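> sequence plus the predicted model coming up.
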Amino acid sequence: MEADTLTYIQVQEDDFSLAAEYQALIDGNSRDGAVVTFCGLVRDMNFDNSVSSLFLEHYPGMTEKSLLSIIELARNKWPLGRIRVVHRVGRLQVSEQIVFVGVTSQHRQAAFQGAEFIMDFLKTQAPFWKKETTKEGQYWVDAKQSDNHKAKLWGI
Amino acid sequence: MVTILFFGQLKERLDTSRLPLELVDGSKCLGSVAELRAFLLTKGDVWKENLAYGSALVAVNQQIATEDTPIKDADEIAFFPPVTGG
């Protein structure tokens, strides 16, 4: 989904290439001197190797709208250049890439803060749900209070 | 007619992913999220346990809504648990 020339969001089952995402942020971009990228991986949320995979469900249509509105909020707070967000859905194994956020700006502070802001709001606003498969069975992951607290710290 | 969607654990517990519903049916006229939620709670114990205010978030036409948000014909309304992406 190409929202405008500076914003790219994509919800997909396939894996993504960190190198290709980085390249898309910098190709022909002589204005920006800072690139911050974040990559989230599927982890064993029980810390005991009991989680073998995750299933990621989302709300098609609202997911994309939600990501675009989070990006708009970020652009209103900092002078950001290119923004790319890729989120995977479907069946994912432990250690696979699940989410990418890349932000460019003229200077590093805006890029660092913009990327963190987008991740914090993605975790609390974007309609994705994780179901984990463990040795004992399948369980929906509970939302974390710490994620809500972190998003509130931005004062929006 | 509106379309009501359910996601995540809510979808499994209600065993429903999509529910078409007439907003006006006899004396019943559902004009807000609160009225729709109150109507859905009458569908049975499992609905009462899982759809009560505070346990399920709601969106109208793919935007987060509140209990006061009006609903009208052809709207898409979704109920879902707190999100866990990223």
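Yep, that arrived.
> how about the contacts made by the closest residue to chain B within chain A?
Nearest to chain B in chain A, going by Cβ to the nearest Cβ, is A:Phe128, at a distance of 2.7 Å. Glycine gets a C-beta too; all of them are placed from N, C-alpha and C. Residues in contact with A:Phe128 (Cβ atoms under 8 Å, 6 or more residues apart in numbering or on different chains) are A:56-58, A:63, A:87, A:89, B:83-86.
> can you map out the strands along the chain?
You didn't say which chain, so I picked chain A. Per DSSP state E, chain A carries strands over the ranges A:7-12, A:34-41, A:51-58, A:80-88, A:90-93, A:97-105, A:128-134, A:138-140.
> let's do chain B instead
B:2-6, B:18-21, B:24-25, B:28-29, B:57-60, B:63-64, B:76-80.
> to A:Arg75, which of these lies closest?
strand B:63-64 (18.8 Å; Cβ to Cβ).
> list the neighbouring strands of that closest one plus their orientation.
strand B:57-60 (antiparallel) (DSSP bridges).
> hmm, who's touching the partner strand?
For strand B:57-60, contacts defined as Cβ under 8 Å, 6+ apart pick out A:59, A:62, A:127, B:33, B:37, B:64-66, B:69, B:71, B:75-83.
> which bits of chain B sit near chain A?
Within chain B, the residues that sit near chain A (Cβ under 8 Å from any Cβ of the partner chain) are B:5, B:7-9, B:12, B:59, B:62-64, B:78, B:80-86.
> packing partners for the longest helix seen in chain B?
Longest helix of chain B, by residue count under DSSP state H: helix B:33-41. Applying 3 or more Cβ pairs under 8 Å, 6 or more residues apart in numbering or on different chains; DSSP states H and E, one finds that helix B:33-41 contacts helix B:45-51, strand B:57-60.
> quick check, the residue in chain B closest to chain A?
Residue of chain B nearest chain A, by Cβ to the nearest Cβ: B:Gly85 (2.7 Å).
> wait, that residue touches A:Phe121, no?
No. B:Gly85 lies out of contact with A:Phe121 (Cβ atoms under 8 Å); the separation is 10.7 Å.
> who's more crowded, those two?
More crowded of B:Gly85 and A:Phe121, by other Cβ atoms under 10 Å in any protein chain shown: B:Gly85, with 26 against 23.
> list the buried residues in the helix or strand of chain A with the lowest mean pLDDT.
Lowest on mean pLDDT, DSSP states H and E among the helices and strands of chain A sits helix A:145-152, with a mean of 89. Within helix A:145-152, the residues scored as buried using 16 or more other Cβ atoms under 10 Å in any protein chain shown are A:147, A:150-151.
> kindly reformat those as CSV containing distance to A:Asp32.
Shown next, in CSV, are the buried residues of helix A:145-152 (distance: Cβ to Cβ, whole Å):
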residue, distance to A:Asp32
A:Asp147, 29
A:Lys150, 26
A:Ala151, 26
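> now list the buried members of the residues of chain B next to chain A.
Neighbour counting with 16+ other Cβ under 10 Å marks B:5, B:7-9, B:59, B:62, B:78, B:80-86 as buried within these.
> and of those, the nearest to A:Glu136?
Using Cβ to Cβ, those come closest to A:Glu136 at B:Gln9, 16.6 Å.
> skipping its backbone neighbours, what lies nearest that closest one in space?
With sequence-adjacent residues excluded and distances taken as Cβ to Cβ, 6 or more residues apart in numbering or on different chains, B:Gln9 is closest to A:Trp140, at 4.2 Å.
> how about A:Glu136?
A:Ser50 (7.4 Å).
> what pLDDT does A:Arg43 get?
Model confidence at A:Arg43, given as pLDDT, is 87.
> tally of neighbours for A:Gly155?
A:Gly155: 6 surrounding residues under other Cβ under 10 Å.
> mind listing what the closest residue to A:Phe112 other than its chain neighbours touches?
What sits nearest to A:Phe112 in space, not counting adjacent residues and going by Cβ to Cβ, 6+ apart, is A:Val36, at 5.3 Å. Counting by Cβ under 8 Å, 6+ apart, A:Val36 touches A:102-104, A:108, A:111-112, A:114-115.
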